[in-house]
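Novice: Let's see this in three dimensions:
(chains A, B, C and D)
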Protein chains: 2
Amino acid sequence: MGTEPEVPANRAPTLTDVAKLAGVSVATASKAINGRDEVKAATRARVLKAAELLSFAPNALARALLGGRTGTVGLLTSDLEGRFSIPILMGAEDAFGAGQVSVFLCDARGDAIREAYHVRALLSRRVDGLIVVGSSTDPRPPLAGTVPVPVVYVYAPSADPADISITVDNVGGGRLAIDHLLACGRRDIAHVTGEPGFAAARDRAEGAAAALADAGLTMLGGRPYYGSWDETWGRAAAHIVVEQHPEVDAIFCGSDQIARGVLETLRDLGRDVPHAISVIGFDNWDAIAAHSRPRLTSIDMNLERLGAVAGRRLFAAIDGGEPPTSEQYPGRVVMRDSTAPAG
Amino acid sequence: MGTEPEVPANRAPTLTDVAKLAGVSVATASKAINGRDEVKAATRARVLKAAELLSFAPNALARALLGGRTGTVGLLTSDLEGRFSIPILMGAEDAFGAGQVSVFLCDARGDAIREAYHVRALLSRRVDGLIVVGSSTDPRPPLAGTVPVPVVYVYAPSADPADISITVDNVGGGRLAIDHLLACGRRDIAHVTGEPGFAAARDRAEGAAAALADAGLTMLGGRPYYGSWDETWGRAAAHIVVEQHPEVDAIFCGSDQIARGVLETLRDLGRDVPHAISVIGFDNWDAIAAHSRPRLTSIDMNLERLGAVAGRRLFAAIDGGEPPTSEQYPGRVVMRDSTAPAG
DNA sequence: CTGAAAGCGCTTACAG
DNA sequence: CTGAAAGCGCTTACAG
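Specialist: The predicted structure is shown next:
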């Protein structure tokens, strides 16, 4: 009766517990566990064994209180479906190294108030930095108030050019798509895309037009067929294009969903895709692109890479070296069966 | 020379800074900020103004070090696309109250080692609890090792029945789908679903069979048409079903992707959906269901609700009241245009 | 090589 | 109503 258990049952073991068990001071226990070399090998072994026995996990909070670094980052998104955020999160996780840095994911749901709330919570948790993921490629207002930690904007750039933004080069992406169609020997190319109110639509169209111009060509109809981002528009647009331009031999679509609709109409009309008409989409959204008839060639925006770059840039900013600069990446063509040389 | 600035430029303001500016002790400042009532109104006002001036945000880490509660939760997933995790995360966020609790999202990518790594990191960050989201509805192994905080499994139950799991009632979901088709006056109903190796496929089929039996009916062909979860199988299966059972007047599909394929084939065959044949899917995956022809009626698993329940149960467990128990929810029918009374 | 002491930013009894 | 003091779990100079 009255004998104290060596390991208090009820709370997580602390360094003090470990030190006691190993018969050393907490200072020494700390050094042993953190791999400092001013500690005798035998002592270190003893401490490590004690820590093992207690399954001691150092309290990161206490550590952070000293060091000023929490190893924690906030990822703020408004991308309700996670279609963009998740790959970006994964890329960032990779850049940080699993377990080194943990990320708080907060969904602001497009609401500025909610966003401010989350930012406040994250700051009081002393995140080392913030990644802000937008849900469209349009510039978004910078975070409200002064944020005392580095911020990197991903996918949607900050409207403030002084902020650092890692974005998709949609102009380059548009070029890529057209260049691929040209490589397939296509010449009579239409561009069906989403709402012109979106920078993504305008930029991809711009890149497409430029690439065509470089080849001495212009878009069928002289301009993009703007509409909405979904299949319904894709279906309608395909009818329109084929009717107005029976010579069409390729269609570049601003999204995979549009492309999917285009594909369906071409199928209904009995047009041979990819040989008579080649079709390329944008997003490389597997659920959409991998099961269409035929399977859809598409531009992949490399979102994971975007996330990884954002993570690295954020790190650099946290470490306070050269302030990183904004960057753009054009993506890549993912070939499936909807594009091919004229056959 | 030598005059100290009131606000040190380089670091986040602390309670001490606030107290100094307000001309009170830190103890009093603390009480004022935390709304304790043992402080004079005028004093509180002074402190609050000082905090405002410095845009002071209390250091949650220091606070947590005292209280033992961090207001932080880990969400462990392997759902690469975030299709399930994101709604669940959002539900949990809602349950916690935005800003009250922040959640660490970690993706283990189906790798046990990586998962263990994340768990370790989360524990050293002293999360108050863990939510584990599986990527299929099959039971998953419980978290390795002893975890000193409450854990709630969502979507995929833990293989250990002693753990608490919040899951979709797939048997109930299957019933729901059939009941809806019966309500539309359908009698000759086929079930096309995914891989029989998945509990989700078997459970939904079981519920479907039971609902049919209750109505004195059996599935067309006497058993489900098992295959894979994608559109390709849906297209093939529809051909098979129509050929083997020309009398078919409804098809219950185990996923929206399968349903989408079924719809395409029925369209190719010139069958009138929803009047000649009604089709219902499962998942209510908007990108798939909202743009098919006709738009797809589907079972929604209410993942947000699942997340909200998980959050509340986790809270209850953290607060240490009654240990919560496992629960199942059947989902609901979302009507679109692919089901209707025979016309 | 080891340990006593100070301190990170906060809260909480406990005096006054 | 206010404040001095102790302490949460750790690390880091600084003596020894």
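Novice: Next up, phi/psi of A:Asn59, please.
Specialist: phi -80, psi 110 (degrees, to the nearest 10).
Novice: Please name the residues that touch the residue nearest the centre of chain A.
Specialist: Note on chain A: the residue nearest the mean C-alpha position is A:Ile88, at 2.3 Å, using Cα atoms, centre = their mean. Listed by Cβ atoms under 8 Å, 6 or more residues apart in numbering or on different chains, the contact partners of A:Ile88 are A:Leu75, A:Ile131, A:Val133, A:Val154, A:Tyr155, A:Leu303, A:Glu304, A:Leu306, A:Gly307, A:Ala310. From N, CA and C alone the C-beta is placed, and that goes for glycine too.
Novice: Include secondary structure and pLDDT when you put these into CSV, please.
Specialist: Output for the contacts of A:Ile88, formatted as CSV (DSSP: H, G, I helix; E, B strand; the rest coil; pLDDT from 0 to 100):
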residue, secondary structure, pLDDT
A:Leu75, strand, 95
A:Ile131, strand, 96
A:Val133, strand, 95
A:Val154, strand, 96
A:Tyr155, coil, 95
A:Leu303, helix, 94
A:Glu304, helix, 92
A:Leu306, helix, 94
A:Gly307, helix, 93
A:Ala310, helix, 94
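Novice: count of residues packed around A:Arg260?
Specialist: 25 (other Cβ atoms under 10 Å in any protein chain shown).
Novice: how close does it sit to DNA strand D?
Specialist: 54 Å (Cβ to the nearest atom of the strand, to the nearest Å).
Novice: for A:Leu15, same thing?
Specialist: Distance, A:Leu15 to DNA strand D, using Cβ to the nearest atom of the strand: 3 Å.
Novice: again, but for A:Ala287
Specialist: In terms of Cβ to the nearest atom of the strand, A:Ala287 sits 45 Å off from DNA strand D.
Novice: Which residue ranges make up each domain of chain A?
Specialist: Annotated domains of chain A cover A:15-58, A:70-168+A:303-330, A:170-300 [automatic domain parsing].
Novice: Can you list the neighbours in contact with the helix or strand that contains A:Arg312?
Specialist: Using DSSP states H and E, A:Arg312 sits in helix A:303-319. Under the contact criterion Cβ under 8 Å, 6+ apart, helix A:303-319 has outside partners A:69, A:73, A:84, A:87-96, A:128-131, A:149-150, A:152, A:154-155, A:164, A:166-168, A:322-324, A:327, A:329.
Novice: Quick one: buried ones out of the residues you listed?
Specialist: Neighbour-count burial within the contacts of helix A:303-319 applies to A:73, A:84, A:87-93, A:95-96, A:128-131, A:149-150, A:152, A:154-155, A:164, A:166-168, A:324, A:329; the criterion is 16 or more other Cβ atoms under 10 Å in any protein chain shown.
Novice: Mind checking which of those residues land in helices?
Specialist: A:Pro87, A:Ile88, A:Leu89, A:Met90, A:Gly91, A:Ala92, A:Glu93, A:Ala95, A:Phe96 (DSSP state H).
Novice: okay if I get those as JSON lines plus distance to A:Gly145 and pLDDT?
Specialist: As requested, those are exported to JSON lines (distance: Cβ to Cβ, whole Å; pLDDT from 0 to 100):
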{"residue": "A:Pro87", "distance to A:Gly145": "29", "pLDDT": "88"}
{"residue": "A:Ile88", "distance to A:Gly145": "24", "pLDDT": "88"}
{"residue": "A:Leu89", "distance to A:Gly145": "24", "pLDDT": "87"}
{"residue": "A:Met90", "distance to A:Gly145": "29", "pLDDT": "88"}
{"residue": "A:Gly91", "distance to A:Gly145": "27", "pLDDT": "90"}
{"residue": "A:Ala92", "distance to A:Gly145": "23", "pLDDT": "89"}
{"residue": "A:Glu93", "distance to A:Gly145": "27", "pLDDT": "86"}
{"residue": "A:Ala95", "distance to A:Gly145": "27", "pLDDT": "88"}
{"residue": "A:Phe96", "distance to A:Gly145": "25", "pLDDT": "84"}
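Novice: Done for today, thanks.
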